[in-house]
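> Predicted model and sequence follow; I will ask about them next.
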Amino acid sequence: MESTLGLEIIEVVEQAAIASAKWMGKGEKNTADQVAVEAMRERMNQIHMRGRIVIGEGERDDAPMLYIGEEVGICTREDAKAYCNPEELIEIDIAVDPCEGTNLVAYGQNGSMAVLAISEKGGLFAAPDFYMKKLAAPPAAKGKVDINKSATENLKILGECLERDVAELVVVVMDRPRHKELIQEIRDAGARVRLISDGDVSAAISCGFAGTNIHALMGIGAAPEGVISAAAMRCLGGHFQGQLIYDPEVVKTGLIGESREGNLARLKEMGIDDPDKVYTDMELASGETVLFAACGITPGTLMEGVRFFHGGARTQSLVISSQSKTARFVDTIHIQEQPKYIELK
Ligand SMILES: O=C(COP(=O)(O)O)[C@@H](O)[C@H](O)[C@H](O)[C@H](O)COP(=O)(O)O
Ligand SMILES: [Mn+2]
Ligand SMILES: [Mn+2]
């Protein structure tokens, strides 16, 4: 599956990031999001593939583009036979977040990126638009920390795995009222907390790399972002667990349906029989081959943001593959019109 797809998806996230970065700091989160969606879709539809969006911008009625179920790629077009033999190509599932951290882009803050994950059909958990309790940690702690344990216990285990004192650990938590007790517990245990307003995909993946000074992600964010994070962490060998959260009382923000009972019924309709199941990264991204790609929109822990110069832009992306077992940082200069100069540093 990988071969040229690995290269093409870099361009997909790059184009989305460039489009969105033009709206950085303009206070218009919906526009920053919309242009990223359009750019991602346009580039995706030039790829020789039979793709289907399994995590996207919403259901068909709510989202005009990259909606769940939308088919993407040249080989899904009505006139596909003129371009390819669809039977020869495997069907692939795609999870996208063209602008992960729309508020971050709108307000010119760090940590936003264009991101996607790909696997063969059925290889990504089609997470409902619910919340998810998440625990991400470095490879050394994989399978040793556990979302069912308390934050205090997990920090002790994490310290042992990383050969650090708990005081030397940094935990990222989303700054939300629902995390008041969690934040206090982490502080009481002696670790340090980095609060983020948005963008927990970046935080989760940062746990997969040493040197980021992020040792864990704890707390509740969105479920679709959990699947995308799991795809990357599965390839990196990091720890990722997620548990769907369906009780509005627990979440305290956002819209996940009116009642706990209603949400439980919705999950059942979707075929999720055990709503409290804890999913591992392998269950959330179970495909034989998993590819992950992200491109920084604003600067982040792992990637630079988009930098414009006269006539072009420079981007930094990350492509991770379970097949080639690589995590590639790709630095690209995009020459859009005759530039006055191309800055290399
Ligand atoms: O910060 C985020 C926003 O993503 P996006 O809408 O694509 O810009 C995500 O990283 C979070 O995972 C999540 O969407 C957030 O936690 C939603 O929670 P809340 O703001 O409390 O409703
Ligand atoms: Mn997002
Ligand atoms: Mn988004």
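Ah, there it is. Numbering: from 1, shown residues only. Ligands and ions are numbered 1, 2, ... in the order given.
> For the rest of this, base every contact and every neighbour count on C-alpha atoms.
Will do.
> all strands for the chain, in order.
Taking DSSP state E, the strands of the chain run over residues 50-55, 71-72, 91-100, 113-120, 131-137, 170-174, 192-196, 216-222, 239-245, 278-280, 290-296, 307-309, 312-321, 326-335.
> any chance of the ones you listed in CSV, with mean pLDDT and mean neighbour count too?
Listed next are the strands of the chain as CSV, based on pLDDT from 0 to 100; neighbours: other C-alpha atoms under 10 Å:
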stretch, mean pLDDT, mean neighbour count
strand 50-55, 96, 25
strand 71-72, 96, 23
strand 91-100, 97, 27
strand 113-120, 98, 29
strand 131-137, 98, 27
strand 170-174, 98, 23
strand 192-196, 98, 16
strand 216-222, 98, 24
strand 239-245, 98, 27
strand 278-280, 98, 19
strand 290-296, 98, 30
strand 307-309, 96, 17
strand 312-321, 97, 22
strand 326-335, 97, 15
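> Of those strands, which is nearest ligand 3?
Smallest distance to ligand 3 across these (C-alpha to the ion): 4.0 Å, for strand 91-100.
> Which strands and helices lie in contact with that closest one?
When contacts are defined as 3 or more C-alpha pairs under 8 Å, 6 or more residues apart in numbering; DSSP states H and E, strand 91-100 sits against helix 5-21, helix 29-44, strand 50-55, strand 113-120, helix 223-236.
> In JSON lines: the strands of the chain, plus distance to ligand 1.
What follows is the strands of the chain, written out as JSON lines (distance: least, C-alpha to the nearest ligand atom, whole Å):
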{"stretch": "strand 50-55", "distance to ligand 1": "11"}
{"stretch": "strand 71-72", "distance to ligand 1": "20"}
{"stretch": "strand 91-100", "distance to ligand 1": "4"}
{"stretch": "strand 113-120", "distance to ligand 1": "9"}
{"stretch": "strand 131-137", "distance to ligand 1": "7"}
{"stretch": "strand 170-174", "distance to ligand 1": "7"}
{"stretch": "strand 192-196", "distance to ligand 1": "8"}
{"stretch": "strand 216-222", "distance to ligand 1": "3"}
{"stretch": "strand 239-245", "distance to ligand 1": "11"}
{"stretch": "strand 278-280", "distance to ligand 1": "16"}
{"stretch": "strand 290-296", "distance to ligand 1": "13"}
{"stretch": "strand 307-309", "distance to ligand 1": "20"}
{"stretch": "strand 312-321", "distance to ligand 1": "17"}
{"stretch": "strand 326-335", "distance to ligand 1": "21"}
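> Reformat the helices and strands packed on strand 91-100 as CSV; add distance to ligand 3.
Output for the helices and strands packed on strand 91-100, formatted as CSV (distance: least, C-alpha to the ion, whole Å):
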stretch, distance to ligand 3
helix 5-21, 11
helix 29-44, 6
strand 50-55, 11
strand 113-120, 8
helix 223-236, 9
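> And the ones you listed: which comes nearest residue 164?
helix 223-236 (21.3 Å; C-alpha to C-alpha).
> Does ligand 1 have contacts with that closest one?
Yes - shown here: helix 223-236 in contact with ligand 1 (C-alpha under 6 Å from any ligand atom) through residue 225.
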